[in-house]
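> give me the fold of what follows.
(2 chains)
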2 protein chains.
Amino acid sequence: MKIICSKDQLMYGVNIVSKAVPANTTMSILNCILVDASGDIIKFTANDGDLGIETTVEGNIVDHGIIAIDAKMFSDVVRKLPDIDVEIEVGSDNIVKIKCGKLNFEINGENGESFTVLPYIEKNEAVIISQLALKDLIRQTIFSIGNSDTNKIMSGIHLFINNNKLKVSSLDGHRISIRNIELKNNYLPMEAIVPGKALNEISKILTGGAEDDVNFYITKNFVLFEFNNTKVVSRLIEGNYFDVNKMISQDYETKIVINKKSLYECIDRSMLFSKEGNKKPIVVNINEDMLELVVKSPLGNMDEEIEIEMSGRPLVIGFNPKFLIDALKVIDDENISIYFVNPKAPCYIKDENESYIYLVLPINLNSSYN
Amino acid sequence: MKIICSKDQLMYGVNIVSKAVPANTTMSILNCILVDASGDIIKFTANDGDLGIETTVEGNIVDHGIIAIDAKMFSDVVRKLPDIDVEIEVGSDNIVKIKCGKLNFEINGENGESFTVLPYIEKNEAVIISQLALKDLIRQTIFSIGNSDTNKIMSGIHLFINNNKLKVSSLDGHRISIRNIELKNNYLPMEAIVPGKALNEISKILTGGAEDDVNFYITKNFVLFEFNNTKVVSRLIEGNYFDVNKMISQDYETKIVINKKSLYECIDRSMLFSKEGNKKPIVVNINEDMLELVVKSPLGNMDEEIEIEMSGRPLVIGFNPKFLIDALKVIDDENISIYFVNPKAPCYIKDENESYIYLVLPINLNSSYN
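Here you go, the predicted model:
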């Protein structure tokens, strides 16, 4: 194999596919990037079995061939190259010679034939969404997925498509995050539970904006995302997702409207006293036009008042501040509405048309607060 | 005690004196900042016994008094305050009440009387240097100090003043760094071994430029630096410093002139193969108008050629790349001169008037290479 590429193209390809290389240091075929110049184009692929990424790299193919190169070493070498054309040549001994001006590198490759290529995905109808929208949806829901050791299904994000609606949900036993958006096209109902880890890696390589589309295809066991010159294939989590609609109540006894930034900064301050395993709840006291937040801990105490609009009954309720702040972090509205039922029932942060719903369970103050 | 300050002034004071707080998590008086409003001005002080920093903070003193506050907690609270005036009040119970609009914090203070204030330094003649020059000198020599566990004296930086000359030296057994600069004034000979740790912290708070002066005073056991409204006192390392003049030779057999950036980037690349305990030397082959750098390791091989001007004899010599690159990093010249004697003797990177001299010991290729 012999190819000539710019340093930029090599860096681009390596950075994208490296997201599918497991964080593992033993040299093995799983830690490799497959450089495939067997056809008319140069393709880079990485595949850990659950997540696979393939992208095309611009360049000239002088001699056809394939080689697998340790991703970490390949990435390190490419990053350190001067910014000129790079020649990559591999002989029958699988030694990779990288030439760049008066600079020569030699690193060991592995036989490309032993690399597991991406599974073939039979494409049904493509669901189309902008890169920006998909990246936002991931960011706005991924923080509340659960640990895969405890519950495999909770470690995924649920995508549900019906007509022109896409509903994205995640939950971890303490909270639920839901985002609803409208798609450009209409679809028959379909759903998938995509591993949070895969979506996290995908969101890192979605650099396009609102004008750049992603096409994705859901099959029984896989989801395939296609964008730019890149394909990402993720294995799906098997099973039925939770019926989140049943968990969300429309009833409330207390509703407040509050400035998001003021609440965010106030809770952020309160977390000074709930760090390092000292899990003190924050106490939220809602009364007429004022929300008072109080935290008492061995490290210190804080109280702060924030003006609100309130309807319904006064309320005292306790929370883990992290769960509230995670939700506030991904809401862009200047003012937000929060709905409460009673001190033992979840609260809901949601907008009028329910483009977002964040449910957070409270902490029982009688048992843990003093 | 009751004082009123802006958030900015509090942050400024806390950030400066925190540099003298040891990185230690148990709450004790050593981990505290002393807030002293017993006189006409507000002073913040931190002191770990070896290094002490004191600075003044603008604000109004409503009630005089002193209090010691845990530096980490004080810093965290101040950072999270809204950007308005802050009232700090301490009662007889040593509880620190921090008020800012509708926000109240309470944290525990410690009796200020138990805080160890800075030692009194009898000021002899002030040595005057610009903040920028002192910061540069520290950066250009501190990387080659030794570990204090192995040799206490090597863990310091040697300052030697005579007439209008300041010579700054450091060494760690593998290399020596020397910087010579001219001062504005003339002084009688004096010298000090200042702990590298103290100079590292000082360089972080030297934010002034070439127009802003530092005055420093060397006594038998201490050095006092004064700049802006800040005093830094460091205990000196006892003993006689190495006679570095005797270690530096003026003789050479080979001299090269090389582009610094090309050499830096070449060595930086070669370090890809000398990471993770795999301490392979780089082999430098100097011959006529070319320097060839070769590294061979189980991870891979590299060779690169760089054009040079050479005088004297051809030479093959081995180095630990880190020692060369540390020196190159702090040299600003576009082209540098390197002087060699033989493959077992140190090389010198220095300019014509010896404003800098960096000595680096080679690695014996016969014993460690191949």
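> quick check, the residue in the stretch 101-250 of chain A closest to chain B?
For the stretch 101-250 of chain A, the nearest residue to chain B under the criterion CB to the nearest CB is A:Ile107, separated by 3.8 Å. C-beta here means a position set from N, CA and C on the backbone, and glycine is covered the same way.
> excluding chain neighbours, what is closest to that residue?
B:Gly300 (3.8 Å; CB to CB, 6 or more residues apart in numbering or on different chains).
> let me see the contact set for the one you found.
A:Met73, A:Val77, A:Phe105, A:Glu106, A:Ile107, A:Asn108, B:Leu272, B:Phe273 (CB atoms under 8 Å, 6 or more residues apart in numbering or on different chains).
> the residue of the stretch 101-250 of chain A closest to chain B: neighbour count?
Other residues lying near A:Ile107 total 20 when counted by other CB atoms under 10 Å in any protein chain shown.
> for it, name its beta-bridge partners.
A:Val96, B:Gly300 (DSSP bridges).
> state the pLDDT value of it.
The per-residue pLDDT reported for A:Ile107 equals 96.
> now do the contacts for it.
Listed by CB under 8 Å, 6+ apart, the contact partners of A:Ile107 are A:Ile69, A:Asp70, A:Met73, A:Phe74, A:Val77, A:Ile95, A:Val96, A:Ile98, B:Leu299, B:Gly300, B:Asn301.
> can you tell me how far the closest residue to chain B within the stretch 251-370 of chain A sits from B:Phe319?
Scanning the stretch 251-370 of chain A for proximity to chain B using CB to the nearest CB identifies A:Gly300 as nearest, at 3.8 Å. Computed as CB to CB, to the nearest Å, the A:Gly300 to B:Phe319 distance reads 53 Å.
> likewise for A:Lys19?
Taking CB to CB as the measure, A:Lys19 falls 37 Å from B:Phe319.
> higher neighbour count, those two?
More neighbours sit around B:Phe319 than around the other of A:Lys19 and B:Phe319, counting by other CB under 10 Å; the figures are 21 against 18.
> what parts of chain A come near chain B?
A:73, A:76-77, A:80-82, A:102-108, A:265-266, A:268-269, A:272, A:299-306 (CB under 8 Å from any CB of the partner chain).
> pull out the buried members of those.
Restricting the residues of chain A next to chain B to buried positions leaves A:73, A:76-77, A:80-82, A:103-105, A:107-108, A:265-266, A:269, A:272, A:299-306, with burial counted as 16 or more other CB atoms under 10 Å in any protein chain shown.
> re earlier: what's the farthest-apart pair in the contacts of B:Gly300?
Considering CB to CB, no two members of the contacts of B:Gly300 lie farther apart than A:Asn108 and B:Leu272, which are separated by 13.4 Å.
> next, the buried residues of stretch A:176-187.
Neighbour-count burial for stretch A:176-187 flags A:Ile176, A:Ser177, A:Ile178, A:Arg179, A:Asn180, A:Ile181, A:Leu183, A:Tyr187 (criterion: 16+ other CB under 10 Å).
> typo on my end, stretch A:92-102
When neighbours are counted by 16+ other CB under 10 Å, the buried residues of stretch A:92-102 are found to be A:Val96, A:Lys97, A:Ile98, A:Lys99, A:Cys100.
> so what's A:Ser274 up against?
Contact analysis of A:Ser274 by CB under 8 Å, 6+ apart lists A:Lys280, A:Pro281, A:Ile282, A:Val295, A:Ser297, A:Asn320, A:Pro321, A:Lys322.
> identify the residues contacting the second one.
With CB under 8 Å, 6+ apart as the criterion, the residues that contact A:Pro281 are A:Ser274, A:Val295, A:Gly318, A:Phe319, A:Asn320, A:Pro321, A:Ile363, A:Leu365, A:Ser368, A:Tyr369.
> in contact with the second one, which residues?
This means A:Val295. Applying CB under 8 Å, 6+ apart, we find A:Val295 in contact with A:Ser270, A:Phe273, A:Ser274, A:Lys280, A:Pro281, A:Ile282, A:Val283, A:Asn301, A:Met302, A:Asp303, A:Pro321.
> hey, where'd the helices end up in the stretch 251-370 of chain A?
Listed in chain order, the helices of the stretch 251-370 of chain A (DSSP state H, counting those that start in this stretch) span A:260-270, A:321-329, A:365-368.
> lowest average pLDDT across those helices?
Here those differ in mean pLDDT, and the lowest is helix A:365-368 at a mean of 66.
> lowest-confidence member of the contacts of A:Ile107, which is it?
For the contacts of A:Ile107, the weakest pLDDT value sits at B:Leu299, with 87.
> confirm A:Thr45 sits in a strand?
Yes. Residue assignment for A:Thr45, taken from DSSP: H, G, I helix; E, B strand; the rest coil, places it within a strand.
> could I get the pLDDT score of it?
Confidence score, pLDDT, at A:Thr45: 98.
> try A:Thr150
You'll see A:Thr150 listed with a pLDDT of 84.
> where does A:Glu113 sit: helix, strand or coil?
Once three-state DSSP is applied, A:Glu113 turns out helix.
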